[in-house]
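[1] coords please:
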Amino acid sequence: MTVLIDYGMGNIGSVVKALSYLGESVTVTQDPGAVLAANRVILPGVGAMAYAVGQLRERGLDDAIRRYKDLERPFLGICLGMQLMFEKSEEGQVSGLGLLAGTVRRFRHSPGLKVPHMGWNALTGSRLALLPERTSFYFVHSYYAAPSDPSVTAAFSDHGIRFAAAVQAGSILLTQFHPEKSGDAGLDLLRGWLSQAD
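    Below you'll find the predicted structure:
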(Lines give C-alpha, C1' and ligand atoms only; values in the text may rest on other atoms or scores of the structure.)
Protein backbone atom coordinates (compact mmCIF):
# COMPACT_ATOMS: atom_id res chain seq x y z
CA MET A 1 0.00 0.00 0.00
CA THR A 2 1.29 3.43 -0.99
CA VAL A 3 0.27 6.25 1.35
CA LEU A 4 0.41 9.93 0.50
CA ILE A 5 0.55 12.16 3.56
CA ASP A 6 -2.02 14.96 3.53
CA TYR A 7 -1.16 17.75 5.97
CA GLY A 8 -3.39 20.38 4.43
CA MET A 9 -1.00 21.78 1.84
CA GLY A 10 0.97 20.58 -1.14
CA ASN A 11 0.74 19.10 -4.58
CA ILE A 12 -1.42 16.13 -3.66
CA GLY A 13 -3.65 16.07 -6.75
CA SER A 14 -0.82 16.05 -9.26
CA VAL A 15 1.08 13.35 -7.37
CA VAL A 16 -2.00 11.12 -7.15
CA LYS A 17 -2.67 11.69 -10.85
CA ALA A 18 0.88 10.69 -11.81
CA LEU A 19 0.80 7.56 -9.66
CA SER A 20 -2.65 6.59 -10.95
CA TYR A 21 -1.34 6.95 -14.51
CA LEU A 22 1.32 4.39 -13.56
CA GLY A 23 -1.38 2.03 -12.25
CA GLU A 24 -0.53 2.57 -8.59
CA SER A 25 -3.31 2.64 -6.00
CA VAL A 26 -2.75 5.45 -3.50
CA THR A 27 -4.29 6.17 -0.10
CA VAL A 28 -4.32 9.86 0.86
CA THR A 29 -4.39 10.20 4.64
CA GLN A 30 -3.95 12.41 7.68
CA ASP A 31 -3.98 9.35 9.95
CA PRO A 32 -0.64 8.58 11.66
CA GLY A 33 -1.70 4.92 11.99
CA ALA A 34 -2.17 4.60 8.23
CA VAL A 35 1.32 6.02 7.70
CA LEU A 36 2.86 3.42 10.01
CA ALA A 37 0.92 0.60 8.29
CA ALA A 38 2.04 1.63 4.78
CA ASN A 39 4.44 -0.31 2.57
CA ARG A 40 5.69 2.98 1.13
CA VAL A 41 5.07 6.63 1.98
CA ILE A 42 5.20 9.88 0.00
CA LEU A 43 5.46 13.30 1.64
CA PRO A 44 4.63 15.99 -0.94
CA GLY A 45 4.83 19.69 -0.35
CA VAL A 46 4.44 23.21 -1.64
CA GLY A 47 4.45 26.31 0.56
CA ALA A 48 5.98 27.64 3.77
CA MET A 49 8.00 25.36 6.00
CA ALA A 50 6.86 26.79 9.34
CA TYR A 51 3.20 26.28 8.49
CA ALA A 52 3.88 22.78 7.16
CA VAL A 53 5.73 21.72 10.33
CA GLY A 54 2.87 23.08 12.42
CA GLN A 55 0.31 21.12 10.42
CA LEU A 56 2.31 17.89 10.74
CA ARG A 57 2.70 18.33 14.50
CA GLU A 58 -0.95 19.21 15.01
CA ARG A 59 -1.98 15.92 13.38
CA GLY A 60 0.71 13.78 15.04
CA LEU A 61 2.21 13.09 11.63
CA ASP A 62 5.68 14.30 12.62
CA ASP A 63 6.04 11.46 15.11
CA ALA A 64 4.56 8.97 12.62
CA ILE A 65 7.18 9.96 10.03
CA ARG A 66 9.99 9.53 12.56
CA ARG A 67 8.68 6.10 13.57
CA TYR A 68 8.17 5.12 9.93
CA LYS A 69 11.83 5.93 9.22
CA ASP A 70 12.85 3.37 11.85
CA LEU A 71 10.87 0.71 9.96
CA GLU A 72 13.25 1.20 7.00
CA ARG A 73 10.45 1.11 4.45
CA PRO A 74 10.58 3.25 1.28
CA PHE A 75 9.91 6.96 1.79
CA LEU A 76 9.80 9.66 -0.90
CA GLY A 77 9.82 13.36 -0.02
CA ILE A 78 9.08 15.91 -2.75
CA CYS A 79 10.12 19.61 -2.75
CA LEU A 80 8.99 20.98 0.63
CA GLY A 81 8.63 17.32 1.63
CA MET A 82 12.40 17.08 1.17
CA GLN A 83 13.17 20.22 3.15
CA LEU A 84 10.96 19.18 6.07
CA MET A 85 13.23 16.22 6.77
CA PHE A 86 16.17 18.41 7.81
CA GLU A 87 16.98 19.99 11.18
CA LYS A 88 16.27 23.65 10.53
CA SER A 89 15.47 26.23 7.88
CA GLU A 90 16.37 29.84 7.20
CA GLU A 91 12.71 30.30 6.26
CA GLY A 92 11.59 31.88 9.51
CA GLN A 93 14.41 30.15 11.41
CA VAL A 94 12.11 27.19 11.95
CA SER A 95 13.02 23.67 13.10
CA GLY A 96 12.29 20.83 10.71
CA LEU A 97 11.63 17.20 11.57
CA GLY A 98 15.34 16.56 12.09
CA LEU A 99 15.51 13.12 10.48
CA LEU A 100 18.55 14.26 8.50
CA ALA A 101 21.31 16.60 9.65
CA GLY A 102 21.53 19.86 7.75
CA THR A 103 20.01 23.27 7.11
CA VAL A 104 17.57 24.50 4.49
CA ARG A 105 19.03 27.68 2.99
CA ARG A 106 17.64 30.45 0.81
CA PHE A 107 19.10 31.21 -2.60
CA ARG A 108 20.97 34.52 -2.38
CA HIS A 109 19.89 37.23 -4.80
CA SER A 110 22.55 38.18 -7.30
CA PRO A 111 22.49 39.94 -10.69
CA GLY A 112 20.69 37.82 -13.28
CA LEU A 113 19.63 35.15 -10.77
CA LYS A 114 15.88 34.74 -10.38
CA VAL A 115 14.45 33.58 -7.07
CA PRO A 116 12.43 31.41 -6.88
CA HIS A 117 14.28 28.94 -9.04
CA MET A 118 11.51 27.93 -11.40
CA GLY A 119 11.61 25.74 -14.48
CA TRP A 120 13.50 22.84 -15.97
CA ASN A 121 17.04 22.11 -14.84
CA ALA A 122 19.43 19.22 -15.40
CA LEU A 123 20.93 16.88 -12.82
CA THR A 124 24.67 16.47 -12.41
CA GLY A 125 26.85 14.24 -10.27
CA SER A 126 24.12 11.61 -10.03
CA ARG A 127 24.88 8.42 -8.14
CA LEU A 128 21.50 6.71 -8.63
CA ALA A 129 20.15 4.91 -11.68
CA LEU A 130 16.77 6.49 -10.92
CA LEU A 131 18.36 9.91 -11.57
CA PRO A 132 20.06 9.76 -14.98
CA GLU A 133 22.90 12.23 -15.45
CA ARG A 134 21.92 15.38 -17.39
CA THR A 135 18.21 14.52 -17.24
CA SER A 136 16.07 17.62 -16.70
CA PHE A 137 13.37 17.87 -14.04
CA TYR A 138 10.98 20.65 -13.05
CA PHE A 139 11.87 22.83 -10.03
CA VAL A 140 9.91 25.49 -8.12
CA HIS A 141 11.68 26.64 -4.93
CA SER A 142 13.40 29.52 -3.16
CA TYR A 143 15.14 27.32 -0.59
CA TYR A 144 17.40 24.29 -0.89
CA ALA A 145 18.65 21.65 1.53
CA ALA A 146 22.32 21.67 2.53
CA PRO A 147 22.97 18.26 4.13
CA SER A 148 25.66 18.11 6.83
CA ASP A 149 26.79 14.77 5.37
CA PRO A 150 27.72 15.33 1.70
CA SER A 151 27.58 11.59 1.01
CA VAL A 152 23.76 11.55 1.16
CA THR A 153 23.46 13.87 -1.85
CA ALA A 154 22.30 11.66 -4.72
CA ALA A 155 22.33 14.35 -7.44
CA PHE A 156 23.03 18.04 -7.84
CA SER A 157 21.68 20.87 -9.93
CA ASP A 158 22.84 24.45 -10.40
CA HIS A 159 21.13 27.78 -9.83
CA GLY A 160 23.80 30.34 -9.02
CA ILE A 161 25.34 27.67 -6.80
CA ARG A 162 25.53 23.89 -6.92
CA PHE A 163 22.83 22.49 -4.64
CA ALA A 164 21.42 19.09 -3.64
CA ALA A 165 18.65 18.24 -6.11
CA ALA A 166 18.13 14.80 -4.56
CA VAL A 167 19.16 13.05 -1.36
CA GLN A 168 19.22 9.37 -0.47
CA ALA A 169 19.73 8.12 3.07
CA GLY A 170 18.90 4.47 3.59
CA SER A 171 15.29 3.89 2.54
CA ILE A 172 14.64 7.65 2.22
CA LEU A 173 14.70 9.33 -1.20
CA LEU A 174 14.15 13.09 -1.35
CA THR A 175 13.82 15.24 -4.47
CA GLN A 176 13.89 19.02 -4.56
CA PHE A 177 12.28 18.89 -8.00
CA HIS A 178 8.73 17.75 -8.73
CA PRO A 179 8.73 14.36 -10.49
CA GLU A 180 4.95 14.57 -10.89
CA LYS A 181 5.42 17.74 -12.98
CA SER A 182 8.47 16.53 -14.91
CA GLY A 183 6.86 14.69 -17.81
CA ASP A 184 8.31 11.37 -18.93
CA ALA A 185 11.47 11.79 -16.83
CA GLY A 186 9.40 12.22 -13.67
CA LEU A 187 7.16 9.29 -14.51
CA ASP A 188 10.24 7.13 -15.09
CA LEU A 189 11.58 8.11 -11.68
CA LEU A 190 8.28 7.34 -9.95
CA ARG A 191 7.95 4.04 -11.83
CA GLY A 192 11.46 3.05 -10.81
CA TRP A 193 10.90 4.06 -7.19
CA LEU A 194 7.69 2.04 -7.03
CA SER A 195 9.39 -1.03 -8.50
CA GLN A 196 12.31 -0.75 -6.08
CA ALA A 197 9.87 -0.38 -3.22
CA ASP A 198 7.97 -3.61 -4.03
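[2] List the buried residues of stretch 117-124.
    Within stretch 117-124, the residues that count as buried by 16 or more other CB atoms under 10 Å are 117, 121, 122, 123. No exception for glycine: its C-beta is placed from N, CA and C like everyone else's.
[3] for that stretch, the distance to its chain's centre please.
    On the basis of CA atoms, centre = their mean, to the nearest Å, stretch 117-124 sits 15 Å off its chain's mean C-alpha point.
[4] With stretch 191-198 instead?
    Put simply, stretch 191-198 sits 16 Å off its chain's centre (CA atoms, centre = their mean).
[5] Could you shift the numbering so residue one becomes 18, and keep it that way?
    From this message on, residue numbering opens at 18, which makes the last subject stretch 208-215.
[6] burial measure for residue 132, as a count.
    When neighbours are defined as other CB atoms under 10 Å, residue 132 has 15 of them.
[7] So it versus residue 109, what's the distance?
    Residue 132 sits 16 Å away from residue 109, going by CB to CB, to the nearest Å.
[8] repeat for residue 145
    31 Å.
[9] Residue 65 too?
    Separation of residue 65 from residue 109 (CB to CB) stands at 7 Å.
[10] neighbour count winner among the two?
    Taking neighbours as other CB under 10 Å, residue 65 and residue 109 compare with residue 65 leading, 16 against 10.
[11] Excluding covalently adjacent residues, which one is nearest to the more buried one?
    Among residues not flanking residue 65 along the chain, residue 108 sits closest, at 6.6 Å (CB to CB, 6 or more residues apart in numbering).
[12] what residues are up against that neighbour?
    Residues in contact with residue 108 (CB atoms under 8 Å, 6 or more residues apart in numbering) are 65, 66, 67, 121, 123, 160.
[13] Please apply the same query to residue 18.
    Contact analysis of residue 18 by CB under 8 Å, 6+ apart lists 42, 44, 54, 55, 56, 57.
[14] If any of those are buried, put those into a PyMOL selection.
    PyMOL command restricting those to the buried ones, with burial defined by 16+ other CB under 10 Å:
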select buried, resi 55+57
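[15] so of the contacts of residue 18, which ones are in helices?
    The helices, defined by DSSP state H, take in residue 54 from the contacts of residue 18.
[16] Any figure for the gap between residue 140 and residue 51?
    According to CB to CB, residue 140 stands 32 Å off from residue 51.
[17] mind checking how far stretch 52-59 is from the chain centre?
    Here stretch 52-59 is found 15 Å from its chain centre; the criterion is CA atoms, centre = their mean.
[18] hey, what's in contact with both of residue 65 and residue 109?
    When contacts are counted by CB under 8 Å, 6+ apart, residue 65 and residue 109 have no shared neighbour.
[19] that older thread, for residue 167, state which of the buried residues of stretch 134-141 is nearest.
    residue 140 (16.2 Å; CB to CB).
[20] Show the pLDDT at that closest one.
    Note on residue 140: pLDDT of 98.
[21] so who does it touch?
    Taking CB under 8 Å, 6+ apart, one finds 148, 149, 150, 151, 152, 153, 154, 172, 173, 174, 182, 183 in contact with residue 140.
[22] Keep only those of the residues you listed that are in strands.
    Among those, the members falling in strands are 153, 154, 172, 173, 174, 182, 183 (criterion: DSSP state E).
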